[in-house]
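**Student:** Pasting the sequence and the predicted coordinates here, then a few questions.
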Amino acid sequence: MPLPRIAPTLLVLTLTAGCGGQDAAAARTPAEAVAQQAKDGAGVKVTKVVRLDYGEAIPTPPAEDDDIVPVNIGEYSESRTTGILRLGAAASDLTTTFHRTNIPEDLKNVIPDDLSSMTTRAISIGDSGTYEQRADRRDVPAGKTWLHHSSPECGMAARAAGALDARAVLSPKVLEQLAAPAPSSAGVIDAVTTVVHSGSAAQTEFSIPDQSGDDPVMAAQLREQSRSVRVSWQLWVGPDRLPRRVRLVTATPSPEEGVPRSAVTEIDFTDWGNDVSVEPPPKDRVHESGSCLDPEPS
């Protein structure tokens, strides 16, 4: 007689194992589920792809001594980032490669497509700032392999504009906004059935209030400049309410020359609950930089 009462309990435990645990399964919202992961000091694997659209490739007039007519296709058109986030410590270790996928067919033998020299690894650890290692060793003196900066002013532009990188997406405020629209049924992602929340808003809706060290006047100007930029999103979450994927489409009306007309960002979050460690580079390999470093290359 007791078997029918015990079997369902065992079944539930089997389904939630490896998907964030019982606390995440009991969470009512994605923000609550991620907050529990942060409380437990858990980690998550990140895979991110950003595709930039500069519009039609329009040749620009050559200078007098130019043998090749330059084409406005941007420095790169796609970036691919992989790595880990450790939620409780607000730490990340991410490596990004850059690619040109928008070279016109008739210029593929002229415009270089090897951007391996731009490959960047960035380590961020809470208030300790960002450590950056680039394949081309840009701004790195002899005997060093990393740049470091921890000024409180760093990141002000991204915070004010409401830029959404992998860490920002998992913040409580942003998750509450992304999950606000009613969900609809979706497919299987990361081996679990998901629902998807879809919506759109001005990018400044995701801006973070001025932090200590921010210039309030400059922050206000940055928010005003970004007010016309809109973000459309889709957020896929599992039965444990943990985010499994987010897709962001950012559109900029009337962009300046060299600025993307739109950007599509897709981020997958997998292996929730793993015990991950993010450590700073050896001190003797680090050079203190006088300029801010991006915690996650775009």
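**Tutor:** Nice, I can see it.
**Student:** what about the longest strand in this structure?
**Tutor:** When the chain is parsed with DSSP state E, its longest strand is strand 262-274.
**Student:** Next, the buried residues of it.
**Tutor:** Buried residues in strand 262-274, counted by 16 or more other Cβ atoms under 10 Å: 262-265, 267-269, 272-273. Glycine gets a C-beta too; all of them are placed from N, C-alpha and C.
**Student:** Out of those residues, which two are the most distant from each other?
**Tutor:** For the buried residues of strand 262-274, with distances taken as Cβ to Cβ, the pair at the greatest spread is S262 and G273 (34.3 Å).
**Student:** Locate the closest residue to V264 other than its chain neighbours within the secondary structure: which element?
**Tutor:** Counting by Cβ to Cβ, 6 or more residues apart in numbering, V264 lies nearest to R51, which is 4.7 Å off, once chain neighbours are set aside. Element membership for R51 (DSSP states H and E) is strand 43-53.
**Student:** after that strand, next one along is what?
**Tutor:** strand 78-86.
**Student:** Can you name every helix or strand that that following strand contacts?
**Tutor:** strand 43-53, strand 91-99, helix 166-169 (3 or more Cβ pairs under 8 Å, 6 or more residues apart in numbering; DSSP states H and E).
**Student:** Mind putting these into TSV with mean pLDDT?
**Tutor:** Compiled in TSV, those are given as follows (pLDDT from 0 to 100):
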stretch	mean pLDDT
strand 43-53	93
strand 91-99	94
helix 166-169	88
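**Student:** Among the ones you listed, which comes closest to T252?
**Tutor:** strand 43-53 (10.0 Å).
**Student:** So which bits of the closest one are buried?
**Tutor:** Under 16+ other Cβ under 10 Å, the buried positions of strand 43-53 are 43-46, 48, 50-52.
**Student:** do the same with stretch 30-46
**Tutor:** For stretch 30-46, a neighbour-count test (16+ other Cβ under 10 Å) marks 30-38, 40, 42-46 as buried.
**Student:** Now do it: distance from first to last residue.
**Tutor:** The first and final residues of stretch 30-46 sit 17 Å from each other (Cα to Cα, to the nearest Å).
**Student:** what are the pairing partners of the helix or strand containing S232, and which direction each?
**Tutor:** Using DSSP H and E, the element containing S232 is strand 230-237. Here strand 230-237 is paired, per DSSP bridges, with strand 192-202 (antiparallel), strand 243-251 (antiparallel).
**Student:** what is the orientation angle of the last one with strand 262-274?
**Tutor:** With axes from the mean of the first three to the mean of the last three Cα atoms, to 10 degrees as the basis, strand 243-251 and strand 262-274 are set at 160 degrees to each other.
**Student:** Name the residues that touch strand 243-251?
**Tutor:** 30, 34, 164, 169-170, 175, 178, 189-190, 192, 194, 203, 229-238, 261-270 (Cβ atoms under 8 Å, 6 or more residues apart in numbering).
**Student:** One more: stretch 115-126?
**Tutor:** For stretch 115-126, contacts defined as Cβ under 8 Å, 6+ apart pick out 76, 89-100, 130-136, 167, 278-281, 293-297.
**Student:** Buried residues in that stretch, which are they?
**Tutor:** Buried, per 16+ other Cβ under 10 Å, within stretch 115-126: 115, 118, 120-125.
**Student:** For A38, give me the backbone phi and psi.
**Tutor:** The phi/psi pair for A38 (degrees, to the nearest 10) reads phi -70, psi -40.
**Student:** so it touches L85, yeah?
**Tutor:** No. Contact criterion Cβ atoms under 8 Å: A38 and L85 do not qualify, at 9.9 Å.
**Student:** Tell me how many other residues surround G55.
**Tutor:** G55 has 12 neighbouring residues, counting by other Cβ atoms under 10 Å.
**Student:** Now do the same contact list for S200.
**Tutor:** Applying Cβ under 8 Å, 6+ apart, we find S200 in contact with 230-233.
**Student:** Which of those are buried? Put it as a ChimeraX command.
**Tutor:** A single ChimeraX command is used to select the members of the contacts of S200 judged buried by 16+ other Cβ under 10 Å:
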select :230,231,233
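**Student:** Right, I'll leave it there.
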